[in-house]
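S.K.: missing the sequence, but the structure's below:
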């Protein structure tokens, strides 16, 4: 079976959608030379009208995409750096997201915002290492964080076809992954995936942390039976899928690369405990409150949610029960 | 360049003037909640610019946006219903004064964020021209917007990518209460000229002058695809926002207001009509607005159960906030 890299999966999704729908076009910085690699070969194949390299004007080109989308186009806007989403938060949340309701349903804004390299990129330090997916989930913007090459392909395709704005976070820590994928297919938004079934505890893991959760589950096999649930889409969240898993295991741990306060882990735990009587208090493993990733590699790692903290959290919820 | 029909120009400025006066009455009577940013005194700009546009051209307005929506051809009755938050409003009561939009006549919306419309209309015009349409766009903006970085970025994109957008700066001298002289380094047209955009200044109180300058600009834009910039000097006759009727803010002297109000676009446009024509237009406008107000007030308010309707074009249903 052919092996597909995560990065190549994103590239293939863009190419397939550009080929399928004339209304799809790409905007972003340095995309003609594919600085992030996900647009490799697309300029040559689709031309500069549809692969539009932009000046460093994030706010204008993000709203330019909104305007184009209002007329029926399906722009994909690439941001090389996750922190650029802070710069365009207003354009996405206050304009693209609000236009359909504010106009009483006169329009749709089908824009995809793609961040190929979100979260920590070792050595890039404070202003290039954020993972602000919880902000968009809070605002009610469709937010996806694919963990695998197949999901990267399938969720990006679905994002582009969605009639609402969608932010696609492709974690830097997942970009080099490869997997055997014969024929990638669209993956529906809002549907989670159980990567590994288990009986004792449900671990909800976001993005690249799915692989850490699977590794820890492997290590613990024989002691604790861990179910790994990957929501894939953080908003809208697959509550039915998660509640089904927690109903089986009765215990919950969430591992989430957000800052602790108001991160998606808090929402996951709140929603579950509103509806399910767990056998032990749930736990979450996150970045610290107000995290700024420090430069030195050991410091950078120290504020990321990692396997050791996840093991401790699993031990807590299984011991308490 | 043929001039605009003086009756049409007068009708538009008169319609906007009386619309705003009726709307202010409805603010005072509590039928319009939240207040409005009256366009009084600036009517000549929307009227002159929009008279030069085709139906398929698009405009993006501002927080002081009623004039742009009406001049581009939206139904005054549905606009008034929108201000009153009724289901028959342009936005079905979901937008209100600062977000009124009518995509059917090319109004991409008033916009409550200063400087936001420029990039949006640039993207919309670019996307439609890519499909072979030859439309142009107008981005209305105030003098406050020329200090917003996002707008200056939009100037750059429009010029760089040759997107024919006419940026119309309605310079009424104040960004809320901040005088232009204290807020703008350099000159307003020079902002656009810095990007290689053709820019000029016109008397915004004379709708015929605005129309002539706009028509000339649009002819060049349709020929070569380049954006242009027009600064229209104007004066806001009334408050920044109707909240000022209750809270007097001390930033314009009575003498300055009297001087500003002495050049009235409605009087200037009306002076070009015979008394009989003027009376006929006035009577027609009164009848239109009388019906608009009556229809707005008679229309239903939206059902609270539909508060999240239209939130997602994809059909996604949001969770409600209850326990």
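M.R.: Perfect, thanks for sending it. Everything numeric here is computed off the predicted structure, so don't read it as measured data.
S.K.: Ignoring the adjacent residues along the chain, who's closest to residue A:79?
M.R.: Nearest non-adjacent residue to residue A:79, counting by CB to CB, 6 or more residues apart in numbering or on different chains: residue A:115, 5.1 Å away. The way it works is simple: take the backbone N, C-alpha and C, and place the C-beta from them, glycine included.
S.K.: Give the burial count for that neighbour, as a bare number.
M.R.: By other CB atoms under 10 Å in any protein chain shown, 27 other residues sit near residue A:115.
S.K.: Counting by contacts, list what the host helix or strand of it packs against.
M.R.: Using DSSP states H and E, residue A:115 sits in strand A:112-118. Here strand A:112-118 touches helix A:6-20, strand A:74-78, helix A:149-161, strand A:166-171, going by 3 or more CB pairs under 8 Å, 6 or more residues apart in numbering or on different chains; DSSP states H and E.
S.K.: hang on, the earlier thing: list the residues that contact the residue nearest to residue A:79.
M.R.: Listed by CB atoms under 8 Å, 6 or more residues apart in numbering or on different chains, the contact partners of residue A:115 are A:78-79, A:81-82, A:85, A:167-170.
S.K.: can we see that at 10 Å?
M.R.: Counting by CB atoms under 10 Å, 6 or more residues apart in numbering or on different chains, residue A:115 makes contact with A:36, A:77-85, A:130-133, A:145, A:167-172.
S.K.: what about it, distance to residue A:239?
M.R.: Residue A:115 sits 25 Å away from residue A:239, going by CB to CB, to the nearest Å.
S.K.: which residues of the stretch 151-300 of chain B score low on pLDDT?
M.R.: Across the stretch 151-300 of chain B, nothing is flagged by pLDDT under 70.
S.K.: and the residue of the stretch 1-150 of chain A nearest chain B?
M.R.: Per CB to the nearest CB, residue A:67 is where the stretch 1-150 of chain A lies closest to chain B, at 2.7 Å.
S.K.: residue boundaries of the strands in the chain?
M.R.: All of this is about chain A. A:3-5, A:24-28, A:51-53, A:74-78, A:112-118, A:142-144, A:166-171, A:178-180, A:193-196, A:201-205, A:226-230, A:233-235, A:252-259, A:283-287 (DSSP state E).
S.K.: my bad, chain B
M.R.: So, for chain B - with DSSP E - the strands run B:58-60, B:137-142, B:165-171, B:174-175, B:178-179, B:198-203, B:228-233.
S.K.: Format those strands as TSV; extra columns: distance to residue B:52.
M.R.: Converted to TSV, the strands of chain B look like this (distance: least, CB to CB, whole Å):
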stretch	distance to residue B:52
strand B:58-60	11
strand B:137-142	9
strand B:165-171	9
strand B:174-175	27
strand B:178-179	30
strand B:198-203	12
strand B:228-233	11
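S.K.: need those in a markdown table with distance to chain A, can you?
M.R.: Shown next, in a markdown table, are those (distance: least, CB to the nearest CB, whole Å):
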| stretch | distance to chain A |
| --- | --- |
| strand B:58-60 | 8 |
| strand B:137-142 | 9 |
| strand B:165-171 | 10 |
| strand B:174-175 | 18 |
| strand B:178-179 | 21 |
| strand B:198-203 | 18 |
| strand B:228-233 | 16 |
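S.K.: out of these, which comes closest to residue A:61?
M.R.: For residue A:61, the closest of these is strand B:165-171, at 14.7 Å, according to CB to CB.
S.K.: quick one: the closest one to strand B:228-233, angle?
M.R.: Here the directions of strand B:165-171 and strand B:228-233 differ by 20 degrees (axes from the mean of the first three to the mean of the last three CA atoms, to 10 degrees).
S.K.: Paired strands for strand B:165-171, with orientation please.
M.R.: strand B:137-142 (parallel), strand B:228-233 (parallel) (DSSP bridges).
S.K.: Show me how far the last one is from its chain's centre.
M.R.: Its chain's average C-alpha position is 14 Å from that of strand B:228-233, according to CA atoms, centre = their mean, to the nearest Å.
S.K.: coming back round to it: partner strands of the strand holding residue A:115, parallel or antiparallel?
M.R.: Applying DSSP bridges, one finds strand A:112-118 paired with strand A:74-78 (parallel), strand A:166-171 (parallel).
S.K.: Could you check how far that strand is from the centre of its chain?
M.R.: With CA atoms, centre = their mean, you get 8 Å for strand A:112-118.
S.K.: Mind checking the pLDDT average for it?
M.R.: Averaged over strand A:112-118, pLDDT sits at 97.
S.K.: now swap in stretch A:217-229 and tell me
M.R.: Stretch A:217-229 comes out at a mean pLDDT of 97.
S.K.: Give me the buried positions along that stretch.
M.R.: Neighbour-count burial for stretch A:217-229, counted by 16 or more other CB atoms under 10 Å in any protein chain shown, picks out A:217, A:220, A:224-229.
S.K.: Can I get the residues you listed in JSON lines including distance to chain B?
M.R.: Below are the buried residues of stretch A:217-229 laid out as JSON lines (distance: CB to the nearest CB, whole Å):
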{"residue": "A:217", "distance to chain B": "30"}
{"residue": "A:220", "distance to chain B": "33"}
{"residue": "A:224", "distance to chain B": "32"}
{"residue": "A:225", "distance to chain B": "31"}
{"residue": "A:226", "distance to chain B": "28"}
{"residue": "A:227", "distance to chain B": "24"}
{"residue": "A:228", "distance to chain B": "25"}
{"residue": "A:229", "distance to chain B": "19"}
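S.K.: sorry, back to before: just the buried ones from the contacts of residue A:115?
M.R.: Applying 16+ other CB under 10 Å to these flags A:36, A:77-79, A:81-85, A:130-133, A:145, A:167-172 as buried.
S.K.: how about residue A:268, what does it touch?
M.R.: Residues near residue A:268 by CB under 10 Å, 6+ apart: A:204, A:206, A:229, A:231, A:234, A:237, A:239, A:242, A:246, A:252, A:254, A:256, A:282, A:284.
S.K.: With respect to residue B:253, which of the residues you listed is nearest?
M.R.: Nearest to residue B:253 among those, counting by CB to CB, is residue A:234 at 55.1 Å.
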